[in-house]
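In: With the sequence up front, the predicted model follows.
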Amino acid sequence: MLAGRHVLIIIGGGIAAYKVLDLIRRLRERGVRVTPVLTRAGARFVTPLSVSALCGVAVQEDLFDLTAEAEMGHIELSRAADLVVVAPATADLMGRMAAGLADDLASTLLLATDKRVLVAPAMNVRMWTHAATRRNVAQLAADGILFAGPDEGAMACGEFGPGRMAEPMAILAAIERALGAGPLAGRHVVVTSGPTHEPIDPVRYIANRSSGAQGTAIAAALRDLGARVSVVTGPAAVAPPAGVDVIRVETAREMLDAVVAALPADAAVMAAAVADWRVANAAGEKMKKSAGRLPALDLTENPDILATVARPGAGRPALVVGFAAETSDVLTHARAKLARKGCDWIVANDVSPATGIMGGAENAVTILTASGEEAWPRLPKDEVARRLALRIAAALERKSDRKPDQEAE
Ligand code: C5P
């Protein structure tokens, strides 16, 4: 889907510059035309020769290169591409972008371009968290600059934390997204995430241990494949990702209303841990404690959002995915749920406390569909999300291709 697109890559001066060679290779494999620009500092980390050889065109380095100016002026260079990518985006380069400086070819191109700009920051953790960088990042985001990363992890300088440049594949996904070229481009997916809070009175509520981590990761993974994502989230511990529409709710009934309002969608992924019951006799005022008298809470059933969305009829998303979080007989319950809820897939997981899955960073899921069951190994929730998003993209693709008389998955 990227074939024929044109990306201008500005390579800044950071140790992560070597990873940009891999990014260029992957872009070229996908038929992307890449015009490279090396900053003076960037040329200390990767050579003009390697960059030019990978791109198949001469690298641009100097604002006042008369030959290049005669062939293509810097203004034209900044506008000929479909997207401008800055990787690695150093603290210095981002600072100059935020201030609107134009004192070398890279910053001049960035000021002169009328195309979207995607930056992949890379710097030491203290530089990334410094107040000046925070200000510059906020300014660039407000200016509409797109970000890929940074990641958190071990750094070349020996420290650990946020500031590592995103991996080439993640930058590639961000490029696809920016160019509207991912496999889910043009698709809309509704995701529910987090717990719900069901009031007992104005200050007390019934909740559950869901952190919203898996739903949030799924929303981000779908976004990375180019989908427009609406996340309807209960009060979760994890913040929803950037670049998605966020609708915040508290109760199951609010979640149902928000999901219905967010439709139509091509797919719905119901990852929220919705409270099955709410208090029917919730008090309008704070309930008072009185010695020896215990309040009786009448519970009533909440609407089933998944079953409502999965109901056959016009406007049903082509693919409806539910979750089954269980603490015993996981697959038996999940199979029953697949049949009962009318959804296309169930993602089953064991949330017994010993697994550490609820609120944890990893998940071990089994995907149940009409055509079989597939157990995935224990993986980081991000990776579960990435695989699930790819599976959703493939299923929607198949459904679009399918003739009406072909069997549904
Ligand atoms: O019935 P149970 O809660 O185990 O089903 C889990 C699946 O159903 C999850 O996908 C959850 O998001 C969804 N669900 C829902 N509305 C409810 C209860 C569960 O959407 N009221």
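Out: Everything's here; your move.
In: neighbours around residue 360, how many?
Out: By other CB atoms under 10 Å, the residues close to residue 360 number 14. (Glycine included, C-beta is placed from N, CA and C.)
In: just residue 187 next, same as before
Out: 23.
In: measure it to the ligand for me?
Out: Separation of residue 187 from the ligand (CB to the nearest ligand atom, to the nearest Å): 20 Å.
In: swap in residue 262?
Out: With CB to the nearest ligand atom as the criterion, residue 262 and the ligand are 13 Å apart.
In: next one: residue 356
Out: With distances taken as CB to the nearest ligand atom, residue 356 is found 20 Å from the ligand.
In: Offset the numbering so it begins at 276, please.
Out: Noted, 276 is the first residue going forward, which turns the last one into residue 631.
In: What sits closest to that residue if chain neighbours are left out?
Out: residue 637 (7.4 Å; CB to CB, 6 or more residues apart in numbering).
In: Kindly report the same for residue 306.
Out: Leaving aside its sequence neighbours, residue 306 sits nearest to residue 278 (CB to CB, 6+ apart; 3.2 Å).
In: Just say helix, strand or coil for the one you found.
Out: Secondary structure assignment for residue 278 (DSSP: H, G, I helix; E, B strand; the rest coil): coil.
In: tell me the contacts of the residue nearest to residue 631?
Out: By CB atoms under 8 Å, 6 or more residues apart in numbering, the residues touching residue 637 are 631, 653, 654, 655, 656.
In: Buried among those residues? Make that a ChimeraX selection.
Out: Here is the ChimeraX command that selects the buried residues among those (16 or more other CB atoms under 10 Å):
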select :656
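In: now the contacts of residue 637 in TSV, with pLDDT and secondary structure?
Out: Below are the contacts of residue 637 laid out as TSV (pLDDT from 0 to 100; DSSP: H, G, I helix; E, B strand; the rest coil):
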residue	pLDDT	secondary structure
631	87	coil
653	95	coil
654	95	strand
655	94	strand
656	93	helix
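In: Spatially, which two of the contacts of residue 637 are the most separated?
Out: 631 and 654 (13.5 Å; CB to CB).
In: The helix or strand hosting residue 533 - what's its average pLDDT?
Out: Assessed by DSSP states H and E, residue 533 sits inside helix 527-537. If you average the pLDDT over helix 527-537, you get 98.
In: Show me what counts as buried in it.
Out: Going by 16+ other CB under 10 Å, helix 527-537 has these buried residues: 527, 528, 529, 530, 531, 532, 533, 534, 537.
In: Repeat that for stretch 444-452.
Out: 445, 446, 447, 448, 449, 450, 451, 452.
In: Now tabulate the residues you listed in TSV and tack on distance to the ligand.
Out: Output for the buried residues of stretch 444-452, formatted as TSV (distance: CB to the nearest ligand atom, whole Å):
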residue	distance to the ligand
445	27
446	32
447	31
448	26
449	29
450	32
451	28
452	26
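In: Which of those residues sits closest to residue 498?
Out: Among the buried residues of stretch 444-452, and counting by CB to CB, the member closest to residue 498 is residue 452, at 6.8 Å.
In: got the contact list for that closest one?
Out: Here residue 452 is in contact with 498, 499, 500, 501, 518 (criterion: CB under 8 Å, 6+ apart).
In: Which two of those residues have the greatest separation?
Out: Within the contacts of residue 452, 500 and 518 form the most distant pair, 12.1 Å apart (CB to CB).
In: between these two, who's got more neighbours?
Out: Higher neighbour count among residue 500 and residue 518: residue 500, with 21 against 15, using other CB under 10 Å.
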